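Participant: Next input, structure requested:
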Amino acid sequence: MSVRPSHHRWLPTAAITAVLGLVLSGCSTPTPQAPTEPSQLGSGLETYYEQELTWDSCGSIIECATVQVPLDYSEPEGESIELALNRRSAQDSEKNLLVNPGGPGGSGLDLVTSSVPLMFSNELQREYSIIGFDPRGVGRSTPISCLSDGQRDAAREKNLRSWVKEDRDEIREESKKYAQACQENSGDLLGHVDTVSAAKDMDIIRAALGDGELNYLGYSYGTFLGATYANLFPASTGRFVLDGALDPKSGATQVDQAQAVGFEGEITAWLEDCLGTESCPFTGSVDEARGQLHDFLESVEEQPLESSDGRTVPIIDFINGFIVPLYDNSTWPMLSTAMADAMEGDVDMILMFADLTANRQSDGSYSSNSSEVFGAINCLDRPMDAAEARMEAEAQELQRVAPTLGKYLSYGALGCEYWPYDATGRPGELNATGAGDILVIGTTGDPATPYQWAESLARQLDGGMLLTYEGHGHTAYGRSNDCITQAVDGYLIDGELPQEGTRC
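Facilitator: Below is the predicted model of the structure:
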C-alpha cells in the first residue's frame, strides 16, 4: 500500500518494479457487504457477463484485450466504461491467474509486461496464463484525469507544509481547485472508482475469461481488492493469495499511524545498516544519526533544494523520494548514497526516486495517472475527517509515535475535504464466508502494510491462512526467499496450503 506524505498523495506501486525489482503498493477501505452472487447484483448485467474476449498481439509475447463494464452498478443499463487487459499465456495450461500490483492506482498491465519474469516462478508461469488489468479509472482503462503534466510539475514544486497553519490554508485552496479540475476532466467516472465497483468488475473479467472460479494474486492494496471480491462472490472465489495485506477494519487515522510507526522502524534499521559503512553521511549512535537526519530535513523544510535540471525540490517531494528505498532493504545502500549526495547539495538521486513514484519521465511527461487515481479511490473508500481540531490531535500523535516522518504524514484528510463525491465505504471486517481457503502473507518488517494487518485479515477471513516472511520490505512473493516461493506455488499450483504457522 502507498503512504501519503502530507497533501501529496503516494509512494510507488508496480512501476518501480522494473527499475528496482520491487513490488510497492497501497490501501484503502470500503464498506464490507454481504456475500452476493452475480445474479443478485441487479438486472441488466447479462450483456456484460456474456462478453467474449478477443486477444490481439501487443508485444512479442503479450496479448491484449478489452472488456466493457457498467459505469454505475446501480444503473447497469446506463453508461459503460472499458477495462484494458493483457496476458502472458501459459503454453500447456488453460488456467488463468488475475493479478493486481496495488496502489490503489497501480497498473496490472505494467505488472504483467515488466515484472512477471522477475517475480513469478517459472513453474507458476507454466501453470497459469498471467492476466493483468488496469482497474476502472487507471491507465489504459477508461481513465480519470485531473492535471496536465505541467500542472503536476508545478504542484510538486510548491513548498506547502501542512503542519504550518499559513501553508495549510493554502493547501485547502489548492485541494479545492484540484477537486474541481478532477471533476471537470473526469466527469461521473470520478464517483465510481471505488473498490467495491472494481471488485465487481473482476467478476465480469472472470466470466469473460470463461472461468467458473477466479484465481487471483494481489499485492498490498490488491489484497483489499481481492478480499472485497471474495466477500462479494464467495462461490466464485478460487485460489487467492493476498500478499502484503491491509486490515479492512482500519480507518484513516489508524492507517496513518500504523504506516508512520512502520516506516519509523525501517528508518532505524536503515540507519543501523548505514552506520556500518564507510560512505554513510551520518555519524555516532543511531539516535545521534537520527538527530542529524532530522536537522537536515528541517533545513529542507525552510530552504528547498534545486536539482541539476532546475526543478525545485521542496520537503514533501523530498520525502516522497526518501521513502522509496525504505520499501526494500536491498535498496538501503542506494538511500545512503542519495542522502550523502543530498547533504552535499545534490538532490538528483532523491528526485529520481520521487519521479519514480509519480511516473514522471525524463522528458517531463507522466506515463500514468496513478497518483490521481490514488486520491480518487481513497476519498471514496473511507471517510476523511478534515476538522481542524481532529487533524491537529492526530498530527501530534503522529509526531509522537514517528518523530522522523510523523508530521509529513499528517493532515492527509485535506485532500478529500472538497472532493465532489462522498465516501461510499466504511472500515469493517471482511469475512468472505463460503469462499474457501485464502492464503494471506505478512512480512514482519513491512513498513507500508504492517505485519499486524496480515494477522488481522487472516483472522477475519473464514478461510484465511497466514504465511509469514521474517524480513524487511514490502510484500514477499517474488522478492524474499525460496520458502515463500514454494509455499505460494504449492498452493496456487497444487492447492496445498502451507502448514499452519509457517514462517519463512
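Participant: From here on, just use CA atoms for contacts and neighbour counts.
Facilitator: OK.
Participant: Just after the one helix or strand in the chain whose mean pLDDT sits lowest, pick out the following helix or strand.
Facilitator: In the chain, no helix or strand scores lower on mean pLDDT, DSSP states H and E than helix 17-20, which sits at a mean of 37. For helix 17-20, the following helix or strand on the C-terminal side (DSSP states H and E) is helix 46-49.
Participant: List the buried residues in that following helix.
Facilitator: Y48, Y49 (16 or more other CA atoms under 10 Å).
Participant: That one - what's its average pLDDT?
Facilitator: For helix 46-49, mean pLDDT rounds to 95.
Participant: and it, what does it pack onto?
Facilitator: If you count contacts as 3 or more CA pairs under 8 Å, 6 or more residues apart in numbering; DSSP states H and E, helix 46-49 packs onto strand 62-70, helix 195-209.
Participant: Kindly compare burial across the ones you listed and name the winner.
Facilitator: Of the helices and strands packed on helix 46-49, the one with the most neighbours on average (mean count of other CA atoms under 10 Å) is helix 195-209, at a mean of 22.
Participant: So which other helices or strands are in contact with the helix or strand just after it?
Facilitator: On the C-terminal side of helix 195-209, the closest following helix or strand by DSSP H and E is strand 214-219. On a contact count with 3+ CA pairs under 8 Å, 6+ apart, strand 214-219 meets strand 96-100, helix 221-232, strand 237-243.
Participant: can we see that at 6 Å?
Facilitator: Applying 3 or more CA pairs under 6 Å, 6 or more residues apart in numbering; DSSP states H and E, one finds that strand 214-219 contacts strand 96-100, strand 237-243.
Participant: can you list the residues that contact the longest one?
Facilitator: When you say that, I think you mean strand 237-243. The contact list for strand 237-243 (CA atoms under 6 Å, 6 or more residues apart in numbering) reads 213-219, 223, 230, 435, 438-441, 475.
Participant: Among these, find me the one that's closest to G284.
Facilitator: Comparing the contacts of strand 237-243 against G284 with CA to CA places T475 closest, at 31.8 Å.
Participant: Contact partners for the closest one?
Facilitator: If you count contacts by CA under 6 Å, 6+ apart, T475 has them with D243, G244.
Participant: That one is in what secondary structure piece?
Facilitator: Using DSSP H and E, T475 sits in no helix or strand.
Participant: And for L380?
Facilitator: Short version, using DSSP H and E: L380 is in helix 370-381.
Participant: list the buried ones in whichever helix or strand comes after that helix?
Facilitator: On the C-terminal side of helix 370-381, the closest following helix or strand by DSSP H and E is helix 388-401. The neighbour-count check on helix 388-401 (16+ other CA under 10 Å) flags M391, E394, A395, Q396, E397, L398, Q399, V401 as buried.
Participant: ok, and the closest non-adjacent residue to the first one?
Facilitator: Just to be clear, that refers to M391. Counting by CA to CA, 6 or more residues apart in numbering, the nearest residue to M391 once its immediate chain neighbours are dropped is Y411, at 5.6 Å.
Participant: give the contact list for the closest residue to T424 other than its chain neighbours.
Facilitator: Of all residues not flanking T424 in the chain, L380 sits nearest, at 5.6 Å (CA to CA, 6+ apart). Going by CA under 6 Å, 6+ apart, L380 touches D194, A423, T424.
Participant: top of the residues you listed by neighbour count?
Facilitator: Ranked by neighbour count (other CA atoms under 10 Å), those have D194 at the top, with 28 neighbours.
Participant: Let me know the pLDDT of that one.
Facilitator: 98.
Participant: before we move on, the earlier item: TSV for the helices and strands packed on strand 214-219, including mean pLDDT and distance to D201?
Facilitator: Converted to TSV, these look like this (pLDDT from 0 to 100; distance: least, CA to CA, whole Å):
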stretch	mean pLDDT	distance to D201
strand 96-100	98	12
strand 237-243	98	14
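Participant: quick one: G412 from P248, how far?
Facilitator: For G412, the distance to P248 (CA to CA, to the nearest Å) stands at 19 Å.
Participant: Next, the buried residues of the helix ranked longest in the chain.
Facilitator: Assignment by DSSP state H gives helix 252-275 as the longest helix of the chain. By neighbour count on 16+ other CA under 10 Å, the buried set for helix 252-275 is 252-253, 255-271, 273-275.
Participant: got the CA coordinates for that helix in PDB?
Facilitator: C-alpha atoms of helix 252-275 as PDB (Å, rounded to 0.1, in the frame of the first residue of the first chain):
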ATOM      1  CA  ALA A 252      -7.800   6.600   8.000                       C
ATOM      2  CA  THR A 253      -6.300   7.600  11.300                       C
ATOM      3  CA  GLN A 254      -5.300   4.000  12.200                       C
ATOM      4  CA  VAL A 255      -3.700   3.600   8.700                       C
ATOM      5  CA  ASP A 256      -1.700   6.700   9.000                       C
ATOM      6  CA  GLN A 257      -0.400   5.800  12.500                       C
ATOM      7  CA  ALA A 258       0.500   2.200  11.600                       C
ATOM      8  CA  GLN A 259       2.400   3.300   8.500                       C
ATOM      9  CA  ALA A 260       4.200   6.100  10.400                       C
ATOM     10  CA  VAL A 261       5.300   3.600  13.000                       C
ATOM     11  CA  GLY A 262       6.300   1.100  10.300                       C
ATOM     12  CA  PHE A 263       8.500   3.500   8.400                       C
ATOM     13  CA  GLU A 264      10.000   4.800  11.600                       C
ATOM     14  CA  GLY A 265      11.100   1.300  12.400                       C
ATOM     15  CA  GLU A 266      12.600   0.900   8.900                       C
ATOM     16  CA  ILE A 267      14.500   4.200   9.300                       C
ATOM     17  CA  THR A 268      16.000   2.800  12.500                       C
ATOM     18  CA  ALA A 269      17.000  -0.400  10.700                       C
ATOM     19  CA  TRP A 270      18.400   1.600   7.700                       C
ATOM     20  CA  LEU A 271      20.400   3.900   9.900                       C
ATOM     21  CA  GLU A 272      21.900   0.900  11.700                       C
ATOM     22  CA  ASP A 273      22.900  -0.500   8.400                       C
ATOM     23  CA  CYS A 274      24.200   2.800   7.100                       C
ATOM     24  CA  LEU A 275      26.400   3.500  10.100                       C
END
